[in-house]
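# I need the structure of the sequence given here:
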Amino acid sequence: MPKDQPRGDRAPSDIPARTPRLFVEQGFDADQPLRLGKEQSHYLATVLRLEVGAPVLIFNGRDGEWKATVTDTGRSGVTLELEAQLQPQRFGPDLHYLFAPLKHARLDYMVQKATEMGASRLLPVFTRRTQASRINLDRMRANAVEAAEQCGLVAVPDIAGEQKLPQALTHLEAGRTLIFCDEEAPQADPLAALAAAPAGPLALLIGPEGGFAPDERQLIGARANVVRLSLGPRILRADTAAVAALALVQAKLGDWGGGARPAVAEG
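Model prediction:
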């Protein structure tokens, strides 16, 4: 569960600065009470010791962010009453993030940062030199939800099941531009390389720390709509490369600048 976070300038003046914020699965109906599940009820009632009348901020990735009030903390769980919508539902650019899985805490970090940076889909890709052998998708989902809760997001990226590299490339739509983080890219200026990207949805691919095997590089290069992206003169760890590459893409093509790609459609 997330720690309660300072709300900064986003919160109306009647909402305390450390009001807890939760992602919930249920749909929202202002005329119906919302009963939380066992884990979230325990967090609010036992860990935070919220009482009836306490405010909670909630979002579900479909109906924006709402202010709610605790109306019951009984044995059957915490019940909330929806009061007002604070943010409408918004979706970031249609940006898939494909990555060779990392181990343990570094994977947690990368998932959190990719969520914060606006990736709409996270897809683990196994390559020949990938070090991790198994992926805990539930843990990935929990890290993405926690990042969204803590950073004021109203959408959580889709967590896709792991795929081998050839399968992942085959399943990318033909019209989706693949941005391939490549230390051998002929264009050293990453912003210049991104300026040549065609309009449309994006996918960003970062490989393992041993790099891609020669035949894998050939397979990636054979795909249409590939932009090879340099990340500078230094060798970056994979989790650092994720942040650097997503920042470049969002600044040049995403919702940080004027060249924003189409937003992810609801559903």
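
# The residue nearest the centre of the chain is in what secondary structure piece?
What sits nearest the mean C-alpha location of the chain, by Cα atoms, centre = their mean, is Thr115, with 2.4 Å. Using DSSP states H and E, Thr115 sits within helix 104-116.

# And the contacts of that helix?
Outside of helix 104-116, the residues within contact range by Cβ atoms under 8 Å, 6 or more residues apart in numbering are 97, 99, 101-102, 122, 132, 135, 139-140, 143-144, 146-148, 151, 153, 156-157, 237-239, 242-243, 246. Using the backbone N, CA and C atoms, a C-beta is placed for each residue, glycine as well.

# cutoff 7 Å now
Applying Cβ atoms under 7 Å, 6 or more residues apart in numbering, the external contacts of helix 104-116 come out as 97, 99, 101-102, 122, 140, 143-144, 147-148, 151, 157, 239, 242-243, 246.

# do you know how far the residue nearest to the centre of the chain is from Gln32?
29 Å (Cβ to Cβ, to the nearest Å).

# now Pro157
Distance of Pro157 to Gln32, computed by Cβ to Cβ: 28 Å.

# can you check Ala242 too?
With distances taken as Cβ to Cβ, Ala242 is found 40 Å from Gln32.

# any chance you could map the helices in the protein?
In the chain, the helices defined using DSSP state H lie at 38-42, 104-116, 137-150, 165-171, 190-195, 214-222, 238-252.

# chain center to the fifth one: distance?
With Cα atoms, centre = their mean, to the nearest Å as the basis, the distance from the averaged C-alpha position of helix 190-195 to the chain average is 23 Å.

# what do you get for the last one?
Its chain's C-alpha centre lies 13 Å from the corresponding centre of helix 238-252 when counted by Cα atoms, centre = their mean.

# next one: the first one
For helix 38-42, the separation from the chain centroid amounts to 24 Å (computed by Cα atoms, centre = their mean).
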